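> one predicted model, sequence on top.
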Amino acid sequence: MIKHQHDTASSQPSGSSWEVFITFLKLGLTSFGGPVAHLGYFHKELVEKRRWLSEAQYAQLLALCQFLPGPASSQLGFALGLTRAGWLGAISAFVAFTMPSALLLFAFAMLIGEVQSAGLSVVVDGLKLVAVVIVADAVWGMWQKLCDARLTRAVALMVAVFLLLMPVLGYASPGWQIAAIVLAGLLGVWLRPEIPSSVAAAEGLNLRYGRRLGALLLLLFLGLLLLTLLQVTQLAGVSMAQDFYQAGALVFGGGHVVLPLLEANTVGAGVVSADDFLAGYGAAQAVPGPLFTFAAYLGALMPAGSGLTVSAPALQALIAIIAVFLPGFLLLLGVLPFWALLSSYVVVRHALVTVNAAVVGLLLATLVTPVASSAVRDLADVLIVVSGFALLRGWGAAVGLPALRLSPLTVVLWCVALTLLGALL
């Protein structure tokens, strides 16, 4: 079971925050491929090579991070830093792993206008097609992993149809996404689907603080979430922080699922254009590190009227980054002391099965609109998307291309190159 003391730390840090910072900076500069790939990078570097923790401890932290809302790979990195070097280690891991991609996406936001005005909008079009490929790949992978039974497939499809129909019927609202996830969880409690081996009870994990602090952090998470849902203030900077905090707090299933929530709070609110949104999302696939750093790009593009009295892109990007990551970290730290007890309840694991399926449906609906509907304009675009998807999945032989599973960065270059070629012909 989880070892802890209720009010004091149970052990001293076994490494330095500087060691954690350097290690995660290396990972932040080289970890291409998205959240799932990041988990592999962490395992190879920290479990196999550096032996910071055991296989069993890594598995327990990974299970918890996949269970909770938020960016699983960043939450896992934060937890790994915490177990290695305490609170400073956790902060060092977050800053080092996040900083490279956040700076690159901020720079892209500052250059997006010049790129478009210089007649290079075709590059932006290519990045939008990359977004279609990446989201389609995420849907395919999550469908295979999380929708392997009739019930879970049905839940995913019903959620997708529901979310696509509501705007058509005149009831567009990001609240429907939250409602779909909650209802799916209740359905799991009622129908009690078979629980896969990946949803298991925790044991054998050491922890350095107790349930009292964990409870306080959970209360802070819930209190801030309530304030964002109520939109109690429009003070400078706070309004934007509320939107990004809410998006980060309600993400089930990993980084890609933040897309519809961020889209609703930016494109849906009219503060970022759909073209700029999809171009930035495509650019986010070309940089290493966590996908949530897409928030830095969006924050930099948002006008002063969306939360600040004076336009300050760097400050807005920083606020967006902190706000979107904060809820996932608060929730992780709050739940850690209770994880063994929580995961022992079968009802929780039943709910998680259908919640995961609902997440796949949410992402499928997002793939249809706004991602594909805004990016794919003609047959040439369709062919670029199909070829990029085949290369990313290693299905090249099916369409006459090399049967290699290429990296997301290579697929980004492929899609942009084909788009440029098409514009020249």
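Cool, the structure landed.
> from here on, contacts and neighbour counts on C-alpha atoms
Noted.
> if I look at Leu424, how far off is Val122?
Computed as CA to CA, to the nearest Å, the Leu424 to Val122 distance reads 10 Å.
> the two: which has the busier surroundings?
Set Leu424 next to Val122 and count neighbours by other CA atoms under 10 Å: Val122 wins out with 18 against 7.
> any idea which element that one lies in?
Assessed by DSSP states H and E, Val122 sits inside helix 121-146.
> repeat that for Ala79.
Assigned by DSSP H and E, Ala79 belongs to helix 72-117.
> that helix to helix 121-146, inter-axis angle?
160 degrees (axes from the mean of the first three to the mean of the last three CA atoms, to 10 degrees).
> helices or strands next to helix 72-117 in the packing?
helix 17-30, helix 35-42, helix 55-67, helix 274-284, helix 294-301, helix 313-335 (3 or more CA pairs under 8 Å, 6 or more residues apart in numbering; DSSP states H and E).
> and those helices, which is most packed in?
Neighbour counts (mean count of other CA atoms under 10 Å) averaged over each of these peak at helix 294-301, with a mean of 29.
> can you give me how far the helix holding Val122 is from the chain middle?
14 Å (CA atoms, centre = their mean, to the nearest Å).
> likewise for stretch 269-283?
Relative to the centre of its chain, stretch 269-283 is centred 16 Å away, using CA atoms, centre = their mean.
> do stretch 246-265 as well
Using CA atoms, centre = their mean, the offset of stretch 246-265 from its chain centre is 7 Å.
> cool, stretch 218-228 as well?
20 Å.
> now that stretch: average pLDDT?
Stretch 218-228 comes out with an average pLDDT of 92.
> use 34 as the first number from now on
Sure, I'll start numbering at 34, so the last one becomes stretch 251-261.
> residues of it that come out buried?
Using 16 or more other CA atoms under 10 Å as the test for burial, stretch 251-261 gives Leu251, Leu253, Phe254, Leu255, Leu257, Leu258, Thr261.
> how about residues contacting it?
Residues from elsewhere that reach stretch 251-261 (CA atoms under 8 Å, 6 or more residues apart in numbering): Gln275, Asp276, Tyr278, Gln279, Ala282, Pro360, Leu363, Leu364, Leu366, Gly367, Val368.
> in CSV: the helices and strands packed on helix 105-150, plus distance to Val215 and mean pLDDT.
What follows is those, written out as CSV (distance: least, CA to CA, whole Å; pLDDT from 0 to 100):
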stretch, distance to Val215, mean pLDDT
helix 50-63, 33, 93
helix 68-75, 24, 75
helix 88-100, 14, 74
helix 307-317, 27, 84
helix 327-334, 25, 93
helix 346-368, 17, 93
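> any idea which of the ones you listed gets closest to Tyr242?
helix 346-368 (9.4 Å; CA to CA).
> any idea of the angle that closest one forms with helix 88-100?
120 degrees.
> helix 346-368 packs against which elements?
helix 105-150, helix 244-263, helix 271-282, helix 327-334.
> at 6 Å instead, please
Judged by 3 or more CA pairs under 6 Å, 6 or more residues apart in numbering; DSSP states H and E, helix 346-368 is in contact with helix 244-263, helix 271-282, helix 327-334.
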